[in-house]
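J.: here's a sequence, model it:
(chains A, B and C)
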Amino acid sequence: MKKLDIYQFFGMNALRMCMGIVVFILCVIFYDILSKGAGKISWEFLTQMPRNGMTEGGILPAIVGTCCVTLITGIFAVPFGIGCAIYLNEYAKDSWQTRLIRMAIRNLSGVPSIVYGLFGVVLFVNMFKFGTSILSAGLTLGLMTLPWTITASEEALKTIPNGYREGSLALGATKWQMIRTNVLPYAVPGMLTGTILGLSRAAGETAPILFTGAAFFLPALPASINDQFMALPYHLYIMSTQHHSIVKVRSIAYATALVLIGLVFLMNLGAIILRYHLRKQRRE
Amino acid sequence: MNKVEISNFNFYYGQTQCLKNISFDITSHQVTSIIGPSGCGKSTFLRCLNRMNDLIPGVRMDGVINIDGQDINAPQLDVVSLRKKIGMVFQKPNPFPKTIFDNVAYGLRINGIKDQDYIDDKVQESLKNAVLWDEVKDRLNSSALALSGGQQQRLCVARALAIAPEIVLMDEPASALDPIATAKLEELIVKLKEKYTIIIVTHNMQQAARISDMTAFFMQGDLVEYKHTKQLFTHPDKKITEDYITGRFG
Amino acid sequence: MKKEKIIEGLFFINGMAVIIVLLGIFALLIINAIPAFKDITLKDFLFGYVWNPEAYTTPSFGILSMVVSTLMVTIGALLIAIPLGIGTAAYLTDVASPKVREIAKPIVEILASIPSVVIGFLGIVLVGPWLAKLTGQSSGLNAINGSILLAVMALPTVISLSEDALGSVPKAYTEASWALGGNKWQTLLMVKIPAAHSGILAACMLGMGRAIGETMTVLMACGNAPAFPHAFTDPVRTMTATVAIELGEVPYNTTHFYALFAVGLVLFVFTFCINLISDLVIHKK
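T.: As a prediction, the model looks like this:
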């Protein structure tokens, strides 16, 4: 009896320690980046071009580039993902095609990001002749986010009670009328929440944009979606590994990491606030 | 006059047969009740009348259901216009998360009606017919979800009436309501038969006895007995009907 | 009615497009990998351990070193992430009070949302120097470093999927175990984890898939020496890192270019198989 209690005591504390380690890891990450990056952040840092071989000045083009690419990603992936989710949740019957689509989605979410990069180089940069550009990079990231937006959109559609569908059909609505007037309007906020989370992950990705459009340094902001661009994650990568005086620019790298994390969290926060409002609306 | 004629109708869900060789006629401008223990196929039958079972994968049927002499399962029949002719009220009140007004106007709008005055009139008329107008006339633009359960169910009736159906199907409409709301709904159902043919599924035998003209008793997919409500409850032909209405099972 | 059919058709095409994307990735990888084998034999490619594509006389394209590197880093990551992940998941389902769980779950989500390049950066500035001091080497950029970082990347996947698996064990099992006099720890070890084993296995497989395919962290933190690794303290260069380093510099349509696609194809097949296996594991029950 005693022995069992001792096992239990050690076992439970081992589990507590696991959680403790996870919390510790997160704290170390945040402490390190905040303590060494926050001092460098200023209005100038966020709004100026890099100067003197990127040893001084700000990171404005990287911020702008990441925002532009994420926008293209969203424009491509959100309608595509929502359409696919509508098919799966509203139209699809349990057939081999449906099972195949679901299998494809699961596998797409497991394809390594660098492989998406290879695919983007061949398809968008070379075959479609978009060159290395915001467009190519955005589309490549869009393909990568597709499984996430589909899954998130389908989850949102699943929360719509079946009574809305049956009630609408019983009143003589066609299937598309039912979806358009009585399902989508209530699912869209939930879909957006999920897709914003997906886009925030895309914004932090580096491997798919390495060869599809991200540039080491550009003297000006991109003028169109056919231009190359600087991106926050890529900027962090070169500032920490490729720059000619890595030690000198370390503080810039820390600050860039902080801005990148800040951007990702801002998007997450936006999604969480949206979800909160949505839930409140539902209850009223 | 027969509004609905069902002959030799069978319905299968996968390998199981839910309705077995059902044949009977439903008279217009009457309330017809369908009673029976749960799982006897009464809701399935009701949903066959406006083809809501189309939504469920893996169903099969044969036999004929005629409404106004027309086979509703005929391939050339437009299921959307069939459903416009048949209103339906569900077991659980399912108001849409719109305003009270928009709920009732929904059926009109999806049918392409844009004339605002006409919609206003129709909404008012339907709410009056559903005996809800006096309770909601001052708050037509507030959310339908804020209504009580009984009001929500009467709103669903109003919504069904707005598209001017000929038949109204009700699938255990009072099962989620309290006794007072149930009484109001029953009053409404009796009143509605002047204008509509009502078919109601219920597990509550007293309710069937109170409101219906004809009653059909279903049991494990069979139509056991179908006659005038009074006769069915006082002189059932079959032993099993008697056992059920006297509460020996079910 | 006709309009409805067209709309349904459009959504169907939209759905099928997902399959086309997956097949398209596979097809383009194959098409661009095949020309490489005009100059390299399949045997040399898969079993050669020298990768030196820019050699002046005879370039060599053996991927064995990087496959071993990838597996080494991945296994190292799993050795850390699996016990830690399952332990954390068990803490969340069996030990934590509902209140603590409310706080702890977002922590896992936040960890999942940190970009890989940031984790890689911390590998350089934080884990690297610490490892160098610990092992007495001049640089801490090696396989252990990569394993630690990949473990951090794979942790959220392992935790949340294991938690789902443990959470879906029927309550009756736990109650039966308690009724027989088992304590919490015994119940977890002898009833819940065995009952949830297929879900936990799938969680580990998917965590492994993430680790194999991860690029930026290993690129930044593993030292990128193309030699065959002999110990966890050696700097290594994984498949993903090789593609990331070389694709930017290689001229299009050379054997080297195609060989990188062949590496990508190997990666794709690896992760595809892992997904397939975890799929089978999940749907077996």
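J.: can we go C-alpha only for contacts and neighbour counts from here?
T.: Fine.
J.: which residue ranges form the strands in chain B?
T.: Remark: strands assigned in chain B by DSSP state E are B:2-13, B:16-27, B:31-35, B:59-67, B:70-71, B:86-89, B:167-171, B:197-201, B:214-219, B:222-228.
J.: could I get those strands as a markdown table with mean pLDDT, distance to chain A and mean neighbour count?
T.: Below are the strands of chain B laid out as a markdown table (pLDDT from 0 to 100; distance: least, CA to the nearest CA, whole Å; neighbours: other CA atoms under 10 Å in any protein chain shown):
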| stretch | mean pLDDT | distance to chain A | mean neighbour count |
| --- | --- | --- | --- |
| strand B:2-13 | 92 | 15 | 17 |
| strand B:16-27 | 92 | 19 | 18 |
| strand B:31-35 | 95 | 20 | 27 |
| strand B:59-67 | 91 | 12 | 17 |
| strand B:70-71 | 91 | 18 | 15 |
| strand B:86-89 | 93 | 6 | 27 |
| strand B:167-171 | 94 | 10 | 24 |
| strand B:197-201 | 95 | 15 | 25 |
| strand B:214-219 | 93 | 23 | 24 |
| strand B:222-228 | 93 | 25 | 18 |
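J.: what's the single longest helix in the chain?
T.: Picked chain A for this. Under DSSP state H, the helix in chain A containing the largest number of residues is helix A:2-37.
J.: not quite, I wanted chain C
T.: Using DSSP H, we find that the single longest helix of chain C is helix C:2-33.
J.: buried stuff in stretch A:150-164?
T.: Neighbour counts over stretch A:150-164 (16 or more other CA atoms under 10 Å in any protein chain shown) mark A:150, A:151, A:152, A:153, A:154, A:155, A:156, A:157, A:163, A:164 as buried.
J.: try stretch A:193-205
T.: A:193-205.
J.: in the stretch 151-285 of chain C, what residue comes closest to chain B?
T.: Of all residues in the stretch 151-285 of chain C, residue C:283 sits closest to chain B, at 21.6 Å by CA to the nearest CA.
J.: list the residues that contact residue A:265.
T.: residue A:200 (CA atoms under 8 Å, 6 or more residues apart in numbering or on different chains).
J.: actually residue C:199, not the one I wrote
T.: Residue C:199 makes contact with C:161, C:162, C:164, C:165, C:166, C:281, C:282, according to CA under 8 Å, 6+ apart.
J.: if you rank these by neighbours, which is first?
T.: For the contacts of residue C:199, the largest neighbour count, defined by other CA atoms under 10 Å in any protein chain shown, is 30 neighbours, found at residue C:162.
J.: thinking again about what came up before, what helices or strands is the longest helix of chain A leaning on?
T.: Helix A:2-37 sits against helix A:250-283, helix C:64-90, helix C:98-113, helix C:184-186, with contacts defined as 3 or more CA pairs under 8 Å, 6 or more residues apart in numbering or on different chains; DSSP states H and E.
J.: could you give the number of residues near the residue of the stretch 151-285 of chain C closest to chain B?
T.: Count around residue C:283 with other CA under 10 Å applied: 10.
J.: ranges for the strands of chain A?
T.: Under DSSP E, chain A gives strands at A:50-51, A:56-57.
J.: between these, which gets nearest to residue B:232?
T.: strand A:50-51 (90.2 Å; CA to CA).
J.: identify the residues contacting the closest one?
T.: So strand A:50-51 is in contact with A:56, A:57, A:58, A:59, A:60, going by CA under 8 Å, 6+ apart.
J.: mind checking which of those are buried?
T.: Buried, going by 16+ other CA under 10 Å: A:57, A:58, A:59, A:60, out of the contacts of strand A:50-51.
J.: report the two of those residues separated the most.
T.: Largest separation among those by CA to CA: A:57 and A:60, giving 9.1 Å.
J.: overlap in contacts of the two?
T.: Residues touching both residue A:57 and residue A:60 by CA under 8 Å, 6+ apart: A:45, A:48, A:49, A:50.
J.: measure the third one to chain C for me?
T.: What that stands for is residue A:49. Distance, residue A:49 to chain C, using CA to the nearest CA, to the nearest Å: 22 Å.
J.: enumerate every residue touching the closest residue to that residue other than its chain neighbours.
T.: Distances taken as CA to CA, 6 or more residues apart in numbering or on different chains put residue A:58 closest to residue A:49, at 5.1 Å, once the chain neighbours are dropped. Taking CA under 8 Å, 6+ apart, we find residue A:58 in contact with A:44, A:45, A:46, A:47, A:48, A:49, A:50, A:51.
J.: quick check: the farthest pair among those?
T.: For the contacts of residue A:58, the farthest-apart pair by CA to CA is A:46 and A:51; their separation is 13.2 Å.
J.: give me the more crowded residue out of these two.
T.: residue A:46 (18 against 12).
J.: quick one: the more buried one from chain B, how far?
T.: Distance, residue A:46 to chain B, using CA to the nearest CA: 44 Å.
J.: OK, contacts around that residue?
T.: Applying CA under 8 Å, 6+ apart, we find residue A:46 in contact with A:58, A:59, A:60, A:63.
J.: pLDDT at it, what is it?
T.: pLDDT recorded at residue A:46 is 93.
J.: over to residue C:43?
T.: pLDDT, residue C:43: 90.
J.: quick one: classify it as helix, strand or coil.
T.: Of the three states, residue C:43 takes helix under DSSP: H, G, I helix; E, B strand; the rest coil.
J.: could I get the contacting residues of residue B:217?
T.: B:34, B:35, B:36, B:223, B:224, B:225, B:226, B:241.
J.: and the residue of the stretch 101-250 of chain A nearest chain B?
T.: For the stretch 101-250 of chain A, CA to the nearest CA, closest residue to chain B: residue A:172, 4.5 Å.
J.: now do the contacts for residue A:251.
T.: Residue A:251 is in contact with A:36, A:37, A:40, counting by CA under 8 Å, 6+ apart.
J.: please apply the same query to residue C:228.
T.: So residue C:228 contacts C:49, C:50, C:65, C:66, C:68, C:69, C:236 (CA under 8 Å, 6+ apart).
J.: rerun at 6 Å
T.: Residues in contact with residue C:228, defined by CA atoms under 6 Å, 6 or more residues apart in numbering or on different chains, are residue C:65.
J.: again with residue C:247
T.: Counting by CA under 6 Å, 6+ apart, residue C:247 has no contacts.
J.: chain center to stretch B:243-250, what's the gap?
T.: Here the centre of stretch B:243-250 is set off from its chain's centre by 24 Å, with CA atoms, centre = their mean, to the nearest Å.
J.: then it to CSV, C-alphas only?
T.: Taking Å, rounded to 0.1, in the frame of the first residue of the first chain, the C-alpha atoms of stretch B:243-250 are listed here in CSV:
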residue,chain,number,x,y,z
ASP,B,243,-52.9,-1.8,-25.8
TYR,B,244,-51.1,1.3,-27.0
ILE,B,245,-53.9,3.8,-26.4
THR,B,246,-54.6,2.4,-22.9
GLY,B,247,-50.9,2.7,-22.1
ARG,B,248,-49.9,-0.9,-21.8
PHE,B,249,-46.7,-0.1,-23.7
GLY,B,250,-45.0,2.8,-25.6
